[in-house]
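**Q** fold the following for me, if possible:
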Amino acid sequence: MTRERYMRLAEPFQKHQALLRALRMTDKVLTALVYLAYPVLLCVLFFTRDTRFWRCVLVPGVSFAVVSVLRRVINAKRPYEVLEFSPLLQKDKQGESFPSRHVFSVFVIAFAFYYTFVPVGIVLTVLGVLLAVVRVVGGVHFPRDVLCGAAIGMLCGAVGFFLL
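**A** Numbering: from 1, shown residues only. Just a heads-up that it's a prediction; the model follows:
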């Protein structure tokens, strides 16, 4: 992603405040939906004494910790740091851009739902793709950040829920 490409992506949002508000709201709503769906899943599994509860806690939890350490070690700069612009999504964090933890989280949580209730897993996968686009357009991640976040989330989910 070059500065010029980002500026072309950002231009409609900078010209139209309603579009900018919609982008920011989409980022917040998608993130909130996923982060609310996951505890609901855990509560349902726990209160119904479903044996899948611990796997649904451990696979995303351990994976999240590993990705967090990986991000800290790699410490890749964010697009707005490298290309020197103001991101459309408010963010002042430096580094830790690769891989996208937001996108990773959506995909590993989607796999928890594929393991327990497939229709919600499908919906979360679609929302994950949308969130990945929003995070790139918003200027807080490079395409590689969200693609790798999604791939790592799917890999962790597939291994943790279906191969182990």
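
**Q** switch to C-alpha atoms for all contacts and neighbour counts from now on
**A** Will do.

**Q** mind listing the helices for this structure?
**A** Along the chain, counting by DSSP state H, helices occupy 3-15, 17-47, 53-74, 79-82, 101-116, 118-137, 143-158.

**Q** for these, which one sits closest to residue 92?
**A** Among the helices of the chain, helix 79-82 comes nearest to residue 92, with 9.3 Å by CA to CA.

**Q** before we move on, the earlier item: and the helices of the chain: which comes nearest residue 90?
**A** Among the helices of the chain, helix 17-47 comes nearest to residue 90, with 8.3 Å by CA to CA.

**Q** isn't residue 132 right up against residue 101?
**A** No. Residue 132 lies out of contact with residue 101 (CA atoms under 8 Å); the separation is 10.4 Å.

**Q** give me every residue that touches the residue most central in space within the chain.
**A** Note on the chain: the residue nearest the mean C-alpha position is residue 103, at 1.7 Å, using CA atoms, centre = their mean. Listed by CA atoms under 8 Å, 6 or more residues apart in numbering, the contact set of residue 103 reads 128, 131, 132, 146, 149, 150, 153.

**Q** which one of the residues you listed sits in the busiest neighbourhood?
**A** Counting neighbours by other CA atoms under 10 Å, the top entry in the contacts of residue 103 is residue 153, with 29 neighbours.

**Q** so it sits against residue 107, correct?
**A** Yes. Here residue 153 reaches residue 107: they are 4.9 Å apart, a contact under CA under 8 Å.

**Q** among the contacts of residue 103, which two are most distant?
**A** Using CA to CA, the pair of the contacts of residue 103 lying farthest apart is 131 and 153, separated by 13.7 Å.

**Q** please consider this matter closed, and thank you.
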